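Participant: sequence below, structure please.
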Amino acid sequence: MKATKSIRILMLAAFTILTTLSASADDLTSQSRAALQQLVAQNPAAAKCKSKALAVLVFPDVMKAGFIIGAQGGQGILFTHGRPNGRYRTVAASYGLQAGVQKYGYALFLMNKIMRD
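Facilitator: All right, here's what the predicted structure looks like:
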């Protein structure tokens, strides 16, 4: 019973951390642009993808925390032709053998236009 209570407390703490870490739109755009520039400068394959991409969705700071049960979340900006074109959020949950906190960023290069009927 104590283990279940501890897990619930840790999950609540992780959820609180993930939901309170939000940036203003201008800060998030600046952070996303800087993260994309750093990625392109350090990785020639990313630079090539960026030059061919229709849009790039950048999440500069994604926070993951957990103990047995985990949660992750972050906010990002969609750049279309180098201009900010939307604000997005990523959220996920997981379970299994895990413990700790991790911070990372990632970029999604959108290469094709989606056609809907």
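
Participant: now the one helix or strand Ser32 maps to, how far from the chain's geometric center?
Facilitator: Per DSSP states H and E, Ser32 falls inside helix 25-42. When C-alpha coordinates are averaged (CA atoms, centre = their mean, to the nearest Å), helix 25-42 and its chain have centres 12 Å apart.

Participant: got the contact list for that helix?
Facilitator: Outside helix 25-42, the residues within contact range by CB atoms under 8 Å, 6 or more residues apart in numbering are 23, 46-47, 50, 56, 58-61, 75-77, 79, 84, 87, 105, 107. Where C-beta positions appear, they are placed from N, C-alpha and C, glycine not excepted.

Participant: in stretch 61-76, what's buried?
Facilitator: For stretch 61-76, a neighbour-count test (16 or more other CB atoms under 10 Å) marks 61-67, 70-76 as buried.

Participant: what is the rounded mean pLDDT of it?
Facilitator: Here stretch 61-76 scores 92 as its mean pLDDT.
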